[in-house]
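**Q** one predicted model, sequence on top.
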2 protein chains.
Amino acid sequence: MSTEKCFANGSAAPGPVPKGHIRIYSMRFCPFAQRTRLVLNAKGIKHDTININLKDKPDWFIEKNPLGLVPTLETPAGEVIYESPITCEYLDEVYPEKKLLPSSAFGKAQQKMMLEHFSKVVPYFYKISTGRNNGEDVSGLEAELKEKFAKLNEDLVNKKTKFFGGDSITMIDYMMWPFFERLDVFELKHCLDNAPELKTWTECMSEDPTVKATRHSVDTYKGFYKTYIEGKPNYDYGL
Amino acid sequence: MSTEKCFANGSAAPGPVPKGHIRIYSMRFCPFAQRTRLVLNAKGIKHDTININLKDKPDWFIEKNPLGLVPTLETPAGEVIYESPITCEYLDEVYPEKKLLPSSAFGKAQQKMMLEHFSKVVPYFYKISTGRNNGEDVSGLEAELKEKFAKLNEDLVNKKTKFFGGDSITMIDYMMWPFFERLDVFELKHCLDNAPELKTWTECMSEDPTVKATRHSVDTYKGFYKTYIEGKPNYDYGL
């Protein structure tokens, strides 16, 4: 029985992970879990997905990962891996098909440094939308975000490549993408106005089959975030 | 001309990195840079060290790493790598002698997850010492740190190993060590009182030749931190 509906506390624990598969514990709208979903999909890895009710987590999930975070991976051997960049690097190492990280040590280090930079951009998406919902003036935060986007734009200009790791999609693009996918939902698309290359990047990313396979419509995102902001997230929204 | 004295703004830039060497930009008392120094030393990697005056950074250093952070590595090819865990993983991949990370993908993931947990412990060292210097009551923070240490202790008990990655030192031990080396300096040694296995770990680590080669005496640390707290860090203290 396969379902996208989330598992809450009191639900029966799923059975063991089938041989030859890997399992992801996820939440349909979580951008961090989406990173791992993108990698699973891009690499064509056989997996099953268990969505978790993050407001009412099953005990059996907390037993597997005491931090109770998604994404969490579980292997047939019962190995548990969490933290989105760690899960993605793990998958790229274990499944050699379509490597997403460069083969050279310096290439890998470059991608990790880019991700480290980007991790300082992520909080803006949340701060701005929370601030706006609280009726605060977020123009200062928006100006800072625009500056961060300008830096990312400059990076693409200097590299003269379509994507952040070259002319095809690599790991770093998938690590950044989930937040850009939500620009419309967070009403932040205007922050791209002075970052033309970055905007082109978002357009190229939108065309990627893996991105298409893991995304929701803007309406679905908006519907979910409305329930989220109201403090009663409907993790099954749109099913 | 080799010197441990720090380079400040206005100083002449060092020459290119010699072939067969790697260069670390460091600061003698920085725990993050010490992680990389530990790895360089443990693996016997030929390197030169340029210490940076972090209060008055040379322009040529900012050109290499716009973030101006130590540790920063530079290769003879001019490749620049920063962020301590990234530098350490890079070194372990490029220099195959005495691997510090496990060979399996899951083993690596485990070490990264441990480091992620530990990154939430690091701020306590600073918060407690800063709070104390400001005359604040830090007993609450100390209680929280003791709890974090108890968790680390439990981890060692469950694993039944001397070190965090097995019965010999691996990467995760070197990533955590610099903060434990400073427990005495920060007057936090009593926080180990209810963590006997963790205390034994600190004693075993103290005996490691690599740890011995990169450490300063408690008096030297105390002397430096005094100048640091006064806002006039003497990066050449004790030379």
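**A** Perfect, thanks for sending it. Note that the coordinates shown come from a computational prediction; the quantities given were computed from them, not determined experimentally.

**Q** how about residue A:190, secondary structure?
**A** Of the three states, residue A:190 takes helix under DSSP: H, G, I helix; E, B strand; the rest coil.

**Q** just give me the neighbour total for it.
**A** By other Cβ atoms under 10 Å in any protein chain shown, the residues close to residue A:190 number 10. Every residue, glycine included, has its C-beta placed from N, CA and C.

**Q** then the one 4 residues further on?
**A** Using other Cβ under 10 Å as the criterion, residue A:194 is surrounded by 13 other residues.

**Q** contacts only, for it.
**A** Residue A:194 is in contact with A:146, A:149-150, A:153, counting by Cβ atoms under 8 Å, 6 or more residues apart in numbering or on different chains.

**Q** same thing with residue A:233?
**A** Residues near residue A:233 by Cβ under 8 Å, 6+ apart: A:54-55, A:224, A:227.

**Q** Three-state assignment for it, please.
**A** Classification of residue A:233 using three-state DSSP returns coil.

**Q** output the below-cut-off pLDDT ranges for chain A.
**A** Low-confidence segments of chain A (pLDDT under 70): A:1-2.

**Q** recalculate using a threshold of 50.
**A** Residue ranges of chain A with pLDDT under 50: A:1.

**Q** stretch A:87-99 and chain B, are they touching?
**A** Yes - against chain B, stretch A:87-99 shows contacts by Cβ under 8 Å from any Cβ of the partner chain at A:87, A:89-90, A:93-94.

**Q** I'd say residue A:204 and residue A:163 touch.
**A** Yes - if you go by Cβ atoms under 8 Å, residue A:204 and residue A:163 touch, sitting 7.1 Å apart.

**Q** these two: which is more packed in?
**A** The neighbour comparison of residue A:204 against residue A:163 (other Cβ under 10 Å) goes to residue A:163, with 19 against 14.

**Q** now for that one: which residues touch it?
**A** A:169-170, A:173, A:201, A:204-205.

**Q** also residue A:19?
**A** Going by Cβ under 8 Å, 6+ apart, residue A:19 touches residue A:76.

**Q** assign it to helix, strand or coil.
**A** Assigned with three-state DSSP, residue A:19 falls in the coil class.

**Q** look up phi and psi at it.
**A** phi -60, psi 140 (degrees, to the nearest 10).

**Q** which segments of chain A make up each domain?
**A** Domain segmentation of chain A under the TED database yields A:22-99, A:105-207.

**Q** need the winner for burial among these.
**A** Per residue and on average, the most neighbours among the domains of chain A fall to domain A:22-99, with a mean of 19 (mean count of other Cβ atoms under 10 Å in any protein chain shown).

**Q** and the end-to-end length of that domain?
**A** 17 Å (Cα to Cα, to the nearest Å).

**Q** chain center to that domain: distance?
**A** Centroid separation for domain A:22-99 versus its chain: 11 Å, with Cα atoms, centre = their mean, to the nearest Å.

**Q** show me which residues of chain A are close to chain B?
**A** Going by Cβ under 8 Å from any Cβ, the residues of chain A near chain B are A:75, A:79, A:81-83, A:86-87, A:89-90, A:93-94, A:105-106, A:108-109, A:112-113, A:116.

**Q** go again using 10 Å as the cut-off
**A** Within chain A, the positions adjacent to chain B are A:65-67, A:73, A:75, A:77, A:79-83, A:85-87, A:89-95, A:104-113, A:115-117, A:151 by Cβ under 10 Å from any Cβ of the partner chain.

**Q** of those, which belong to helices?
**A** Here DSSP state H is the test, and those give A:85-87, A:89-94, A:105-113, A:115-117, A:151 as lying in helices.

**Q** would you map the strands across chain A?
**A** Applying DSSP state E to chain A gives strands spanning A:22-26, A:47-51, A:72-74, A:80-82.

**Q** just checking, residue A:95 touches residue A:101?
**A** No - Residue A:95 lies out of contact with residue A:101 (Cβ atoms under 10 Å); the separation is 11.7 Å.

**Q** quickly note the distance from residue A:125 to residue A:173.
**A** Going from residue A:125 to residue A:173 by Cβ to Cβ, to the nearest Å gives 17 Å.

**Q** wait, residue A:3
**A** Where residue A:173 is concerned, residue A:3 sits at a distance of 30 Å (Cβ to Cβ).
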